[in-house]
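Enquirer: Sequence and predicted structure below; questions after.
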Amino acid sequence: MQIHRLHLILFVLCCSAPFTLRAQTHDISFGAHAGAAFYLTDGDFRNMPGGTVGVEMAYTVRGVIANYTALGIKIGAGVSYANANHSLPNYEEKYTNIDYYPEPMDYTIVSATYREHQHQLQLEAPLFLSFISHGLTINIGGKFMMPFFQRRHIDVTDAHITAYYPDFWVPVTDYLATGRLEDYQYHGKEVSVMSKLNALLALEIGYEWHAGWQDRMGILAYFDYGIWNNYSNNPPMHRLIDVAPILNTEYPVPDIKVNALTDTYASKANYMSVGVRFYYAFHFEQRKVYPCRCVMD
């Protein structure tokens, strides 16, 4: 008898609330980020951080798996500006050239600082597994990054070129006929040849809170690291400041090519960025309803 009464109570409760609810959330977010950017290379010079700023929009869909807890997918697109720096202090390089006689010339080239500054505008498209619980937000996945504009600046300060004739024991420093950087320094701009296609491992972690009745605001710390790119420079060049042999008898002044640190010494270059992202999200909930199936014995 008691068992039949229990079944009757359950049947009444089920029929008085004949639907079970399950929720799915949708977020359309707009955000901005700021942080530090690097190009990590295998060259024998310093890889130094620059800055990055950008804006993005994203769509996130999650299924509710418990109270205030949901799991789903986040996709998006954004555009960023990033720069990175490379430095070689106290640069010194030695090699041997010939002139038109031909006589050997031993070159020694020095500079106090040698810097390369990378600048780029880039498109980014993330694909994340997205988890949220009581405001704690974790997004982990990958990101495709494609620079569509790249420039680099090369700055050389306090540079001196010394040519030494071993047959005559004659050293010549900063002489036009043997090679000289005007004013002992160089400032050049050119198109960069860093990677055009990049696959990044990406992580975001932070907190999200209510903004008004339904919308959301959030702040995330992010980390992006390049795991693949199409950068190719193997083997790299070997002369950083390349003084050409003096072979022109009519105008015996050598051509001088000031090369980039990455072109000369690096065969690998991986992009990395860390920073903070802030966003505002328009939040929607979709509730799926299922009819209750209650069976009495």
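Expert: Okay, I see it. Fair warning: this is a prediction, and the values are worked out from it, not measured in the lab.
Enquirer: What's the separation between residue 36 and residue 230?
Expert: Taken as C-beta to C-beta, to the nearest Å, the spacing of residue 36 relative to residue 230 amounts to 23 Å. To be clear about C-beta, it is placed using only N, CA and C from the backbone, and glycine gets the same treatment.
Enquirer: neighbour count winner among these two?
Expert: Neighbours per residue (other C-beta atoms under 10 Å) separate residue 36 from residue 230, with residue 36 holding more: 16 against 10.
Enquirer: helices or strands up against the helix or strand hosting that one?
Expert: Secondary structure here is read from DSSP states H and E; on that basis residue 36 sits in strand 19-41. Strand 19-41 sits against strand 46-48, strand 50-66, strand 69-87, strand 215-229, helix 261-265, strand 269-291, with contacts defined as 3 or more C-beta pairs under 8 Å, 6 or more residues apart in numbering; DSSP states H and E.
Enquirer: if you set the cut-off to 7 Å instead, what comes out?
Expert: strand 46-48, strand 50-66, strand 69-87, strand 269-291 (3 or more C-beta pairs under 7 Å, 6 or more residues apart in numbering; DSSP states H and E).
Enquirer: strand partners of that strand, parallel vs antiparallel please.
Expert: With DSSP bridges as the criterion, the sheet partners recorded for strand 19-41 are strand 50-66 (antiparallel), strand 269-291 (antiparallel).
Enquirer: which residues sit in contact with residue 97?
Expert: Contacts of residue 97 were listed using C-beta atoms under 7 Å, 6 or more residues apart in numbering, and they are 105, 107, 243, 245.
Enquirer: Most neighbours among those, which one is it?
Expert: Neighbour tally across the contacts of residue 97 (other C-beta under 10 Å): the maximum, 24 neighbours, falls on residue 105.
Enquirer: Does residue 41 touch residue 47 like I think?
Expert: Yes. The pair residue 41 and residue 47 qualifies as a contact (C-beta atoms under 7 Å) at a distance of 5.8 Å.
Enquirer: List the residue ranges of the stretch 1-150 of the chain that fall below the pLDDT cut-off.
Expert: Counting by pLDDT under 70, the stretch 1-150 of the chain contains low-confidence ranges at 1-22.
Enquirer: could you redo the last one with a cut-off of 90?
Expert: Judged by pLDDT under 90, the stretch 1-150 of the chain has its weakly predicted residues at 1-23, 67, 99-103.
Enquirer: sorry, back to before: go through the helices and strands packed on strand 19-41 and pick out the most buried.
Expert: The highest average neighbour count among the helices and strands packed on strand 19-41, using mean count of other C-beta atoms under 10 Å, belongs to strand 69-87 at a mean of 18.
Enquirer: Which neighbouring elements make contact with that strand?
Expert: Here strand 69-87 touches strand 19-41, strand 46-48, strand 50-66, strand 113-133, going by 3+ C-beta pairs under 7 Å, 6+ apart.
Enquirer: Let's see that with 10 Å instead.
Expert: Helices and strands touching strand 69-87, by 3 or more C-beta pairs under 10 Å, 6 or more residues apart in numbering; DSSP states H and E, are strand 19-41, strand 46-48, strand 50-66, strand 113-133, strand 136-157, helix 261-265, strand 269-291.
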